[in-house]
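Q: Kindly generate the corresponding structure for this input.
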Amino acid sequence: MVWIVLSAVLLTSFISGILGMAGGIILMGGLSLVLPITSAMILHGVTQMASNGFRSYLLREHIKFSVIPIYTLGALVGFAIFSANSFIPPKDLVLVSVGLSSFLAVLVPKSVSIDIMKNKNCFTCGILVTVTQLFAGASGPILDVFFIKSSLNRHEVIATKAITQSIAHLVKLVY
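A: Residues are numbered from 1 along each chain as shown. Below you'll find the model as predicted:
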(Lines give C-alpha, C1' and ligand atoms only; values in the text may rest on other atoms or scores of the structure.)
Protein backbone atom coordinates (compact mmCIF):
# COMPACT_ATOMS: atom_id res chain seq x y z
CA MET A 1 0.00 0.00 0.00
CA VAL A 2 2.80 2.39 0.91
CA TRP A 3 4.49 1.79 -2.47
CA ILE A 4 1.23 2.36 -4.32
CA VAL A 5 0.65 5.66 -2.55
CA LEU A 6 4.27 6.82 -3.01
CA SER A 7 4.17 5.84 -6.68
CA ALA A 8 0.91 7.76 -7.15
CA VAL A 9 2.38 10.86 -5.51
CA LEU A 10 5.51 10.67 -7.68
CA LEU A 11 3.62 10.00 -10.90
CA THR A 12 1.12 12.81 -10.34
CA SER A 13 3.97 15.17 -9.41
CA PHE A 14 5.52 14.47 -12.80
CA ILE A 15 2.17 15.05 -14.49
CA SER A 16 1.76 18.38 -12.71
CA GLY A 17 5.32 19.34 -13.52
CA ILE A 18 4.99 18.53 -17.21
CA LEU A 19 1.42 19.71 -17.84
CA GLY A 20 1.19 22.31 -15.08
CA MET A 21 -2.16 20.86 -14.02
CA ALA A 22 -4.23 17.71 -13.38
CA GLY A 23 -1.85 16.04 -10.92
CA GLY A 24 -3.92 16.92 -7.85
CA ILE A 25 -7.15 15.60 -9.32
CA ILE A 26 -5.54 12.36 -10.47
CA LEU A 27 -3.86 11.95 -7.08
CA MET A 28 -7.13 12.49 -5.21
CA GLY A 29 -8.86 9.95 -7.42
CA GLY A 30 -6.10 7.41 -6.88
CA LEU A 31 -5.90 7.95 -3.13
CA SER A 32 -9.68 7.66 -2.85
CA LEU A 33 -9.55 4.26 -4.50
CA VAL A 34 -7.05 2.76 -2.06
CA LEU A 35 -7.61 4.65 1.22
CA PRO A 36 -10.58 5.64 3.38
CA ILE A 37 -11.82 9.11 2.36
CA THR A 38 -10.61 10.88 5.50
CA SER A 39 -7.12 9.43 5.06
CA ALA A 40 -7.13 10.23 1.35
CA MET A 41 -8.16 13.83 2.05
CA ILE A 42 -5.47 14.28 4.70
CA LEU A 43 -2.68 12.71 2.63
CA HIS A 44 -3.76 14.66 -0.45
CA GLY A 45 -3.87 17.88 1.57
CA VAL A 46 -0.39 17.36 3.00
CA THR A 47 1.25 16.45 -0.33
CA GLN A 48 -0.50 19.21 -2.28
CA MET A 49 0.15 21.80 0.41
CA ALA A 50 3.85 20.94 0.34
CA SER A 51 3.92 21.08 -3.46
CA ASN A 52 1.95 24.31 -3.81
CA GLY A 53 3.62 25.87 -0.79
CA PHE A 54 7.08 25.26 -2.24
CA ARG A 55 5.97 26.52 -5.66
CA SER A 56 4.58 29.70 -4.10
CA TYR A 57 7.81 30.16 -2.14
CA LEU A 58 9.92 29.80 -5.29
CA LEU A 59 7.74 32.29 -7.17
CA ARG A 60 6.94 34.55 -4.18
CA GLU A 61 7.92 37.75 -6.01
CA HIS A 62 5.16 37.03 -8.56
CA ILE A 63 2.32 36.45 -6.07
CA LYS A 64 -0.48 39.01 -6.28
CA PHE A 65 -0.79 39.51 -2.54
CA SER A 66 -3.91 41.69 -2.90
CA VAL A 67 -5.82 38.46 -3.68
CA ILE A 68 -4.88 36.66 -0.45
CA PRO A 69 -7.05 38.44 2.19
CA ILE A 70 -10.22 38.42 0.07
CA TYR A 71 -9.69 34.83 -1.10
CA THR A 72 -9.00 33.73 2.50
CA LEU A 73 -12.18 35.40 3.71
CA GLY A 74 -14.13 33.45 1.07
CA ALA A 75 -12.30 30.27 2.09
CA LEU A 76 -13.34 30.82 5.71
CA VAL A 77 -16.97 31.21 4.61
CA GLY A 78 -16.68 27.91 2.69
CA PHE A 79 -15.14 26.31 5.77
CA ALA A 80 -18.01 27.62 7.93
CA ILE A 81 -20.59 26.17 5.53
CA PHE A 82 -19.02 22.73 5.80
CA SER A 83 -18.33 22.98 9.53
CA ALA A 84 -21.97 23.78 10.26
CA ASN A 85 -22.93 20.42 8.77
CA SER A 86 -19.90 18.28 9.76
CA PHE A 87 -20.18 16.54 6.40
CA ILE A 88 -17.73 13.87 5.28
CA PRO A 89 -18.59 12.82 1.71
CA PRO A 90 -18.83 9.10 0.94
CA LYS A 91 -16.19 7.56 -1.33
CA ASP A 92 -18.45 7.15 -4.37
CA LEU A 93 -19.52 10.79 -4.17
CA VAL A 94 -15.89 11.94 -3.94
CA LEU A 95 -14.91 9.88 -6.98
CA VAL A 96 -17.83 11.20 -9.06
CA SER A 97 -17.12 14.77 -7.89
CA VAL A 98 -13.43 14.50 -8.78
CA GLY A 99 -14.35 13.29 -12.24
CA LEU A 100 -17.04 15.90 -12.83
CA SER A 101 -15.00 18.84 -11.50
CA SER A 102 -12.76 18.60 -14.53
CA PHE A 103 -15.72 19.40 -16.76
CA LEU A 104 -17.21 22.27 -14.76
CA ALA A 105 -14.94 24.85 -16.40
CA VAL A 106 -16.46 23.95 -19.76
CA LEU A 107 -19.89 24.98 -18.50
CA VAL A 108 -18.86 28.62 -17.98
CA PRO A 109 -19.94 30.59 -21.06
CA LYS A 110 -17.08 32.18 -22.98
CA SER A 111 -18.81 35.57 -22.74
CA VAL A 112 -18.60 35.54 -18.93
CA SER A 113 -15.53 37.35 -17.63
CA ILE A 114 -14.48 35.96 -14.27
CA ASP A 115 -11.31 37.65 -13.05
CA ILE A 116 -9.58 36.72 -9.77
CA MET A 117 -8.35 40.32 -9.48
CA LYS A 118 -11.91 41.61 -8.96
CA ASN A 119 -12.82 41.49 -5.26
CA LYS A 120 -16.28 39.94 -5.74
CA ASN A 121 -14.85 37.21 -7.97
CA CYS A 122 -11.95 36.61 -5.61
CA PHE A 123 -14.29 36.18 -2.62
CA THR A 124 -16.53 33.82 -4.62
CA CYS A 125 -13.44 31.88 -5.72
CA GLY A 126 -12.42 31.36 -2.09
CA ILE A 127 -15.84 29.96 -1.25
CA LEU A 128 -16.16 27.71 -4.32
CA VAL A 129 -12.62 26.35 -4.20
CA THR A 130 -12.89 25.57 -0.49
CA VAL A 131 -16.29 23.90 -0.78
CA THR A 132 -15.01 21.87 -3.73
CA GLN A 133 -11.85 20.95 -1.77
CA LEU A 134 -13.91 19.72 1.16
CA PHE A 135 -16.43 17.91 -1.04
CA ALA A 136 -14.23 16.38 -3.76
CA GLY A 137 -10.76 16.77 -2.26
CA ALA A 138 -9.40 18.62 -5.30
CA SER A 139 -10.40 21.91 -6.90
CA GLY A 140 -7.88 22.85 -9.60
CA PRO A 141 -10.35 23.19 -12.51
CA ILE A 142 -12.64 25.43 -10.43
CA LEU A 143 -9.71 27.66 -9.51
CA ASP A 144 -8.58 27.82 -13.14
CA VAL A 145 -11.87 29.46 -14.18
CA PHE A 146 -10.97 32.50 -12.08
CA PHE A 147 -7.53 32.90 -13.67
CA ILE A 148 -8.19 32.22 -17.36
CA LYS A 149 -9.44 35.72 -18.17
CA SER A 150 -7.32 37.64 -15.68
CA SER A 151 -4.70 40.15 -16.73
CA LEU A 152 -1.98 38.27 -14.84
CA ASN A 153 1.10 37.02 -16.65
CA ARG A 154 2.14 33.36 -16.62
CA HIS A 155 4.36 33.62 -13.52
CA GLU A 156 1.76 35.61 -11.58
CA VAL A 157 -0.92 33.03 -12.39
CA ILE A 158 1.25 30.10 -11.29
CA ALA A 159 2.43 31.82 -8.11
CA THR A 160 -0.97 33.16 -7.08
CA LYS A 161 -2.73 29.87 -7.84
CA ALA A 162 -0.11 28.06 -5.77
CA ILE A 163 -0.68 30.23 -2.70
CA THR A 164 -4.47 30.03 -3.00
CA GLN A 165 -4.29 26.24 -3.33
CA SER A 166 -2.02 26.12 -0.27
CA ILE A 167 -4.67 28.02 1.68
CA ALA A 168 -7.41 25.67 0.43
CA HIS A 169 -5.40 22.59 1.40
CA LEU A 170 -4.65 24.07 4.83
CA VAL A 171 -8.37 24.63 5.34
CA LYS A 172 -9.02 21.03 4.24
CA LEU A 173 -6.48 19.76 6.78
CA VAL A 174 -8.03 21.81 9.56
CA TYR A 175 -11.48 20.51 8.62
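Q: Spit out the contact partners of the residue minimising distance to the centre of the chain.
A: What sits nearest the mean C-alpha location of the chain, by CA atoms, centre = their mean, is residue 139, with 3.6 Å. Residue 139 is in contact with 101, 128, 129, 130, 132, 133, 165, 168, counting by CB atoms under 8 Å, 6 or more residues apart in numbering. Quick note: C-beta positions are derived from backbone N, CA and C, even for glycine.
Q: Tell me how far it lies from residue 164.
A: The gap separating residue 139 from residue 164 is 10 Å, by CB to CB, to the nearest Å.
Q: overlap in contacts of the two?
A: Common neighbours of residue 139 and residue 164, using CB under 8 Å, 6+ apart, are residue 129.
Q: still on that earlier bit, got a markdown table for the contacts of residue 139, with distance to residue 73 and neighbour count too?
A: Output for those, formatted as a markdown table (distance: CB to CB, whole Å; neighbours: other CB atoms under 10 Å):
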| residue | distance to residue 73 | neighbour count |
| --- | --- | --- |
| 101 | 23 | 20 |
| 128 | 13 | 19 |
| 129 | 13 | 26 |
| 130 | 11 | 29 |
| 132 | 17 | 22 |
| 133 | 16 | 32 |
| 165 | 17 | 24 |
| 168 | 13 | 32 |
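Q: Show me what the host helix or strand of residue 135 is packed against.
A: Using DSSP states H and E, residue 135 sits within helix 119-136. Applying 3 or more CB pairs under 8 Å, 6 or more residues apart in numbering; DSSP states H and E, one finds that helix 119-136 makes contact with helix 67-85, helix 91-104, helix 140-148, helix 154-174.
Q: Would you mind putting those into TSV with mean pLDDT and distance to residue 23 alongside?
A: What follows is those, written out as TSV (pLDDT from 0 to 100; distance: least, CB to CB, whole Å):
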stretch	mean pLDDT	distance to residue 23
helix 67-85	94	21
helix 91-104	83	12
helix 140-148	88	8
helix 154-174	93	11
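Q: Quick one: closest of the ones you listed to residue 14.
A: Closest approach to residue 14 among the helices and strands packed on helix 119-136 (CB to CB): helix 140-148, 15.9 Å.
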